[in-house]
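Visitor: My questions are about this predicted structure, shown below with the sequence.
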Amino acid sequence: MDFIGILGLTIGELFSPFTIAYVLCAMGLAMHFGFTGLLNFGQAAFAGLGAYGFSISVLSFGLDWWAAALVGILSAVAFAFVLGIPTLRLRSDYLAIVTIAAAQALYFALSASDFADLTGGSSGLHGFAESFYAMNPIPEGRYTFIVTEMSERGVFISIIGWVLVILVSIFLTALTKSPWGRVLKGIREDEDAVRSLGKSVFAYKMQSLIIGGVIAAVGGMIFILAPEYNSPGTWVTNFTFMIWTVLLLGGAATVLGPVVGGMSFFALLMLTEGVMTGLVDLGVLPFLNISQVAQIRYLLVGLALMLLVIYKPQGFLGNKKETLINAR
Amino acid sequence: MPAEISKGPAAPGCEKVDPIVVVDKVTRQFGGLKAVDVEHVEIPRGMITALIGPNGAGKTTFFNLLTGFDKPDTGSWTFEGKDLAGLPSHKVARLGMVRTFQLTKSLNIMTVMENMRLGAQHQRGEGFWASVFKPLWKSQEIAITDQAAELLVRFKLDAKRDDYAGELSGGQRKLLEMARALMAKPKLVMLDEPMAGVNPALTQSLLEHIKDLKKDGTTVLFVEHDMHMVRNISDWVIVMAEGKIVAEGPPNKVMKDQAVIDAYLGAHADTDLGTVAIKTIKAGK
Amino acid sequence: MARLAPSLTMEVGLNRLMKRAKRPIGALIAAFTLFAGLLAASPAMADDEIIETEFTISGTLLDGETPLVGVTVTATGPNDFTQTVTSDDTGMFNFFVPEEAVYTVTLDESTLPEGASLAPDTPASQEVDLVGMGFAAVLYTFGTGEIQEESIWDQLIVRVFAGLNFGLLLAIAAIGISLIYGTTGLNNFAHGEMVTLGALMMWVFYTLLQLNIVIAALAAILVTAVSGLAQDRLMWKPLRRRRLGLNQIMIVSIGFSIVARYIMLLFFGGETKDISGGGNAVVIGSLYTTDVALASMGISLVALLGVAYFLTRTRVGKATRAVSDNASLAASTGIDVDRIILIVWVLAAALTGLSGVLYGLQFQAGWELGFNILLLLFAAVTLGGLGTSMGATVGALIIGLVVEISPMVIANELKYAVALVILIVILIIRPQGVLGKKQRIG
């Protein structure tokens, strides 16, 4: 078995742009679920809207990368309104059902051949990243980072991604430690109490939904800028479930939980996948074939989600006393 | 006792000299049951008014309707002359009409101090954009913290200020909820069974707090089953039964009112109302 | 544009029947009649090098009642795929295509027999979409537009029928969700996997082990019911004991749904399974269907009535309603709440397994089947008002009808999306659902 290779892949996964994208989406979800108690199961849609808002703006409307990014962000804001207005006044489980339904409906629409002129249908979009990488100051070439090799574009998007993670962390820390964040924590526990103290619960929930959605949209853009390819198949429910697992692993009501959760989750996933593939190659796991190893990856996600919620709901970084997922 | 509270003789729905809340024709139906059916009632300003009545009389529903937590089928009501009908609950609170709940709603995974701070109104730091710039709200936060610390001393919770509210006893949480409501500097506090579940040792101090509120010029409206408390501190008593206002008046008079006794007891007359009412509660819960 | 004209897309079940017509399942199946006066028989005589694949596009060329023979039709698709076939002596043509994608089907008008011409609103070149379906039919109308108008009504009848059929299937599974939600407060995201289990077990017992259809169905339902029993005893009951919050339990059910789905994928593989249920064509007026579809609807109805009887007339059913209403109050009157919940789980799982069996018999079974319809189930339950069985039934019928009728105006691949959008719209207008009551606050 190629241990060095597996280790290299694992370390690469720690800092890869995909991990960054998941971390950002999970940070958005931390805003929703961790700090406000909103059960959003449509995070894939927020990220997907960021990604499609960006790529369609560039390809169909010829916008610059920054204007396209703005469109992506505004799409997420609009989606937050569409979801929030009907559901934020209702019981929390309605939001769960409506967000997952809306995300699925969006996925159907994005992959539909009817809108293929705009969205590329089921084959997706590419060729939207040129104006973004035009500002890349890093000279062309291959760069080795510990053991993984990257192109100048890979290095650039990774740097941009991590800078964004740091900025978002600072922003979220400021928000959640302010009186604004205090109102959210109040809402998370008992909306009526907060209402009785003169705060507009609906407005705060809406703000939270928007902020978290916008962060996810940015994550979605990072996700497609790295491979320079945007496929509708990315923005499915499994993507949302991965984000939930990342968030709960790190700690739902913490700003840095998603970072820790994302890095450890994908590194562990890559490690198990690598080791299992190796074992299958060696014939140690005769009942499995290589393609099934990838399926086991999702099985582990589900298992992790169950075990985390049952045994360690506060995650790596959370405070046990503030165990969030409380009964209503 | 102030000279006059009502304009004429005390009767259900009578006009007050200086009302703070005026309610007209408010009804609320649940299925076939008319939970609230109030023709007219006025709450006197600067007084302590008790709202009493047997279980299921519609007191809590009436509270919910007045504070925007539930919507009536018909009717209108004003607070300091402002029409409140259709106003969402948080706007009612902002106008200075702040309530507590029968089942305490302390925020248990926040500290006592954070609970208190949440009660303060007009916080700059509660705006989304301002919240990220601490200098904009830091001085106000300090002022709020001072105000909260003062109240906590008054309510004997100052030693607990950094504990999680969930770690307090039931009675202490009730006190915290009331103190938190006072952080909003309300003109009218509406307390839904402030005594329920409170340790008898704390009752006396709670009564004093309510009396202090009146001294500070705050109007108090409270729902209570404990007739001794009602007698002890209220200036005015309003009695509800089956959703309607059946009697009104100063406590001593109302307690002797035949309509009230009937409402509570049906046929069983001349028993002491205080003890019977308590028994009714115990039996009902 | 890529929009399909309403008449071009077809009802799934009928397509399935067409597909099945090509398979030698006993002597039962000879021909299946399609709607709009089209007749599907044996496949077209295809070119030599055509490989039989899972994915088919077909159609039948009829001018009134007369089949049009020997007409050249060409399909083109992704990766430079091109295939040309000619219609056979029943007017039918059939393509086997390599993948689920969008294809363009072009009819060579010069090869039409004397006197036959395409109807004014029927283009010779049409786009068909196999995504998510695996099969599609192309409709060519000939002669005047008069037939077209009639066929819209015929289509509507067929679609309403298909919608009721699908709606009833959804209803028996949705009642399961609703019962579990009512008694335990859990929004069970792993419910779809029980539909999958029912369908896959039917495949095992009926197709693989060749058992009698009734015995196979009962065995499949039994397995699903046992899985419900095991889920409650081994997972949900201990979690209730741990006093896990409802939101927490809901997330556990999401995790469990992923685990269950991928375990089934590992065991059964990713390809869809045909459960060779077959069926005989039945024609009622302008409605073309099969005995399997009719039997399925009948069984679903009986199951729904059975549930209604159980809930309103039996002791255990009344106790179930009491637990739904107020579990602690029910417990204080001597009802064993845990036992009721267990019964509900077994009943819900059995109903859901039945839904899977019927679904598998009429359509097909695959590891993602349940997950794909889970959201429709939730939509049904939410539409009707969370936690009421009657509401779930009504909601499911609405969803079934929407899913089957909407392709008349929008693309087939968006029909599930429409159902989900309707859910959101109804929640704006009537948050408590169609039949739900407003709740008392505080």
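Guide: Noted; the coordinates are in hand. Residues are numbered from 1 along each chain as shown, chains lettered A, B, ... in the order given.

Visitor: Close to chain A: what parts of the stretch 101-250 of chain C are there?
Guide: Neighbours of chain A within the stretch 101-250 of chain C, by C-beta under 8 Å from any C-beta of the partner chain: C:101-102, C:127, C:129, C:131, C:187, C:239, C:242-248, C:250. Every C-beta, even on glycine, is put in place using the N, C-alpha and C of the backbone.

Visitor: what do you get if the cut-off is 6 Å, keeping everything else the same?
Guide: C:102, C:129, C:131, C:187, C:245-248 (C-beta under 6 Å from any C-beta of the partner chain).

Visitor: Closest one of the residues you listed to chain B?
Guide: Set against chain B, the nearest of these by C-beta to the nearest C-beta is C:Gly245 (12.4 Å).

Visitor: neighbours around the closest one, how many?
Guide: If you count neighbours by other C-beta atoms under 10 Å in any protein chain shown, C:Gly245 ends up with 17.

Visitor: Could you pull up the residues touching B:Ala263?
Guide: B:241, B:246 (C-beta atoms under 6 Å, 6 or more residues apart in numbering or on different chains).

Visitor: which one is A:Ile4 nearest to, not counting chain neighbours?
Guide: A:Val147 (7.5 Å; C-beta to C-beta, 6 or more residues apart in numbering or on different chains).

Visitor: Just give me the neighbour total for that neighbour.
Guide: Using other C-beta under 10 Å, A:Val147 has 13 other residues around it.

Visitor: Same check on B:Gln29?
Guide: B:Gln29: 14 surrounding residues under other C-beta under 10 Å.

Visitor: The nearest residue to it once chain neighbours are set aside: neighbouring residues, count only.
Guide: If the residues on either side of it in the chain are set aside, B:Gln29 comes closest to B:Asp73, at 5.5 Å by C-beta to C-beta, 6+ apart. By other C-beta under 10 Å, 13 other residues sit near B:Asp73.

Visitor: What parts of chain A come near chain B?
Guide: Checking chain A against chain B by C-beta under 6 Å from any C-beta, the hits are A:174-175, A:178-180, A:182-183, A:185-186, A:189-190, A:193, A:195-200, A:207, A:322.

Visitor: ok so, going back, just read off the phi/psi values of the residue nearest to A:Ile4.
Guide: phi -120, psi -10 (degrees, to the nearest 10).

Visitor: Mind checking which of the residues of chain A next to chain B are buried?
Guide: A:174-175, A:178-180, A:182-183, A:185-186, A:189-190, A:193, A:195-200, A:207, A:322 (16 or more other C-beta atoms under 10 Å in any protein chain shown).

Visitor: Filter those down to the ones in helices?
Guide: Using DSSP state H, A:174-175, A:179-180, A:182-183, A:185-186, A:189, A:193, A:195-196, A:207 are the members of those that sit in helices.

Visitor: now for those, which pair is the farthest apart?
Guide: Pairwise distances across those (C-beta to C-beta) peak at 27.2 Å, for the pair A:Ala174 and A:Ser196.

Visitor: Surely B:Pro251 and B:Val237 touch.
Guide: Yes - with contacts counted by C-beta atoms under 6 Å, B:Pro251 reaches B:Val237, the gap being 4.9 Å.

Visitor: The two: who's more crowded?
Guide: Remark: of B:Pro251 and B:Val237, B:Val237 carries more neighbours, 26 against 18, as counted by other C-beta under 10 Å.

Visitor: hey, which helix or strand in chain C has the poorest pLDDT?
Guide: Every helix and strand in chain C was compared by mean pLDDT, DSSP states H and E; the lowest is strand C:32-33, with a mean of 29.

Visitor: At which residues are the strands of the chain located?
Guide: Assuming you mean chain A. A:125-126, A:142-145, A:148-151, A:229-230 (DSSP state E).

Visitor: right idea, wrong chain: chain C
Guide: C:32-33, C:39-40, C:55-60, C:62-63, C:66-67, C:72-77, C:81-86, C:92-97, C:102-107, C:125-129, C:135-137, C:281-284, C:287-290.

Visitor: any chance of those in CSV, plus distance to B:Asn64 and mean neighbour count?
Guide: Below are the strands of chain C laid out as CSV (distance: least, C-beta to C-beta, whole Å; neighbours: other C-beta atoms under 10 Å in any protein chain shown):
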stretch, distance to B:Asn64, mean neighbour count
strand C:32-33, 61, 21
strand C:39-40, 63, 21
strand C:55-60, 59, 24
strand C:62-63, 67, 22
strand C:66-67, 72, 16
strand C:72-77, 62, 19
strand C:81-86, 66, 16
strand C:92-97, 62, 25
strand C:102-107, 56, 20
strand C:125-129, 53, 20
strand C:135-137, 56, 24
strand C:281-284, 55, 13
strand C:287-290, 53, 22
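
Visitor: Stretch C:203-210: end-to-end distance?
Guide: 9 Å (C-alpha to C-alpha, to the nearest Å).

Visitor: Residues in contact with that stretch: which ones?
Guide: So stretch C:203-210 is contacted by C:211, C:216, C:219-220, C:273, C:275-276, C:365 (C-beta under 6 Å, 6+ apart).

Visitor: could you redo the last one with a cut-off of 10 Å?
Guide: By C-beta atoms under 10 Å, 6 or more residues apart in numbering or on different chains, the surrounding residues in contact with stretch C:203-210 are C:202, C:211-220, C:222-223, C:267-268, C:272-277, C:357, C:360-361, C:364-366.
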